[in-house]
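Engineer: Here's a sequence, model it:
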Amino acid sequence: MIQIEQKTYITQDGNTVIVLAPTGRLDITTAWQFRLKLQECISKLSRHVVVNLSQVNFIDSSGLTSLVAGMRDADKLKGSFRICNVHTEAKLVFEVTMMDTVFEIFETEEEALEGVPRSIAS
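Structural biologist: Prediction:
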């Protein structure tokens, strides 16, 4: 079972952004739960999602797949999908798989949230 903290932000221009912060490992045993959570948030709550990975110390290919799927869901709805606070060990996985070029990755949650309205305006 993976623990996922969920917060809701409203940007200056009234857009709702969901911040999901999973804890522990994003691997074959937990990725499907996280994927379902992403799907539910994007379809029911907001097409704008920030995933805070500060509490995720391990991520494998199934974890990455769940993130890619979330990004695709958000893209389909012309939303935004951002990742922030990537743990050092997890960052290596993003770099090795070149996923760091696929995702919008921010240092902090604040930076990820600040970026959201601009992409909507463009």
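Engineer: burial measure for residue 50, as a count.
Structural biologist: 25 (other CB atoms under 10 Å). For every residue, glycine as well, the C-beta is placed using N, CA and C.
Engineer: Which strand residues bridge it?
Structural biologist: Judged by DSSP bridges, the bridge partners of residue 50 are residue 19, residue 82.
Engineer: With residue 104 as the reference, measure out to it.
Structural biologist: Separation of residue 50 from residue 104 (CB to CB, to the nearest Å): 10 Å.
Engineer: So for those two, which residues contact both of them?
Structural biologist: Here residue 50 and residue 104 have 82, 83, 112 as joint contacts, going by CB atoms under 8 Å, 6 or more residues apart in numbering.
Engineer: Redo those residues as a markdown table? Include neighbour count, pLDDT and distance to residue 40.
Structural biologist: Output for the shared contacts of residue 50 and residue 104, formatted as a markdown table (neighbours: other CB atoms under 10 Å; pLDDT from 0 to 100; distance: CB to CB, whole Å):
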| residue | neighbour count | pLDDT | distance to residue 40 |
| --- | --- | --- | --- |
| 82 | 24 | 97 | 18 |
| 83 | 22 | 97 | 18 |
| 112 | 23 | 94 | 20 |
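Engineer: contact partners of whatever helix or strand residue 72 lives in?
Structural biologist: Assigned by DSSP states H and E, residue 72 falls within helix 61-76. Contact with helix 61-76 is made by 25-28, 30-32, 34-35, 38-39, 42-43, 47-49, 51, 56, 79-81, 83, 93-94, 97, 99, 102-103, as judged by CB under 8 Å, 6+ apart.
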